[in-house]
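# Any chance you can model this:
(chains A and B)
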There are 2 protein chains.
Amino acid sequence: MGTEIERKFVMKNLGEVLRIPAVPVRQGYLARNFDEEVRIRRMGDEYTLTTKKGTGLRRAEFETPISAAQFDALWPATEGSRIAKSRRQVKLPEDRIAYVDVFEEHLEGLTTVEVEFDETSTALAFVPPDWFGPEVTEDRRYSNKMLSSEGKPE
Amino acid sequence: MGTEIERKFVMKNLGEVLRIPAVPVRQGYLARNFDEEVRIRRMGDEYTLTTKKGTGLRRAEFETPISAAQFDALWPATEGSRIAKSRRQVKLPEDRIAYVDVFEEHLEGLTTVEVEFDETSTALAFVPPDWFGPEVTEDRRYSNKMLSSEGKPE
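Down below sits the predicted model:
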């Protein structure tokens, strides 16, 4: 088990970030409730199945690589709960990475940026650069789980 | 995708069935809500991950074999939502099989018997033998999903 400590922001202008090569991501939810989710994801040529427990800044995460065949067997179960996006990685100071996700299809026009942390204290101390935009870490409407079925928040 | 059409009954007396060799089953839920579940199961030496959608007699089912390593990576996520039981298969007329599950640990004292069908019509036409006991197909408290966390119905 790992712990995911993450802050998320909505980006308004991609600007220079657009020049960074993007990896296509397709993910879908096998089951979801208020504080649990099971997600399968294809990112480039890598397939994973992930269970997350909890909401907001800090969540428990259980993950395993899966094969393309396993992904294909489960993908039909995600109908109606899918995300298509392209992901770019931007290097930040202190060896941090910003994951910039440009959403597609029913979520076109939405771009988010996430940063992961080892500790809650460093997460809270992190001062986001101006280009990040407004924070939505605690706004459940911006979780990929909710976006997949509910669409873009107004 | 498959469709699971199944009727379930509570057995009162195992009787002769106890003589049939049993396979140990351990299963746990990665996530659940009213009409979705993702389950991992070890049955003997076989491991599977299954997503079910819907409730009651007829449910959509998506399944894939998984490795022991994948099972082990995900099992900790099922804490608090687990089932331990032993399963016996009893041959019925018309090549049907009754799956008799004797529950263990927090569900000790409960025994269920399930029969699977290809068609809803044959499921409804099926006349259970007397030894099956009362039907609980539509009683959600007897779903393994609910039993795992809620315990035996009173």
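# Tell me how far residue A:114 lies from chain B.
22 Å (Cβ to the nearest Cβ, to the nearest Å). Using the backbone N, CA and C atoms, a C-beta is placed for each residue, glycine as well.
# cool, and residue A:74?
Residue A:74 sits 6 Å away from chain B, going by Cβ to the nearest Cβ.
# Next one, pLDDT for the spatially closest residue to residue A:136 that is not a sequence neighbour please.
Leaving out its chain neighbours, the residue that sits closest to residue A:136 by Cβ to Cβ, 6 or more residues apart in numbering or on different chains is residue A:142, at 4.0 Å. For residue A:142, the model assigns a pLDDT of 94.
# and residue A:142, how many neighbours does it have?
Residue A:142: 19 surrounding residues under other Cβ atoms under 10 Å in any protein chain shown.
# What parts of chain A come near chain B?
A:1, A:30-33, A:36-38, A:49, A:51, A:53, A:60, A:62-66, A:69-70, A:73-74, A:76-77 (Cβ under 8 Å from any Cβ of the partner chain).
# give the contact list for the residue nearest to residue A:136.
Shown in contact with residue A:142 (Cβ atoms under 8 Å, 6 or more residues apart in numbering or on different chains): A:8, A:10, A:112, A:136, A:153.
# Would you state the strands of chain A in chain order?
A:2-10, A:23-32, A:36-43, A:46-53, A:58-65, A:82-91, A:97-103, A:111-117 (DSSP state E).
# Pick the most deeply packed of those.
When the strands of chain A are scored by mean count of other Cβ atoms under 10 Å in any protein chain shown, the highest mean neighbour count falls to strand A:36-43 (a mean of 22).
# Give me the distance between the residue nearest to residue A:136 and residue A:93.
25 Å (Cβ to Cβ, to the nearest Å).
# I'd like the strands of chain A laid out as JSON lines, including mean pLDDT.
Formatted as JSON lines, those follow (pLDDT from 0 to 100):
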{"stretch": "strand A:2-10", "mean pLDDT": "93"}
{"stretch": "strand A:23-32", "mean pLDDT": "96"}
{"stretch": "strand A:36-43", "mean pLDDT": "96"}
{"stretch": "strand A:46-53", "mean pLDDT": "96"}
{"stretch": "strand A:58-65", "mean pLDDT": "93"}
{"stretch": "strand A:82-91", "mean pLDDT": "96"}
{"stretch": "strand A:97-103", "mean pLDDT": "97"}
{"stretch": "strand A:111-117", "mean pLDDT": "96"}
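# out of those, nearest to residue B:18?
The closest of the strands of chain A to residue B:18 is strand A:23-32. By Cβ to Cβ, the value is 35.3 Å.
# and the angle for that closest one with strand A:46-53?
Here the directions of strand A:23-32 and strand A:46-53 differ by 40 degrees (axes from the mean of the first three to the mean of the last three Cα atoms, to 10 degrees).
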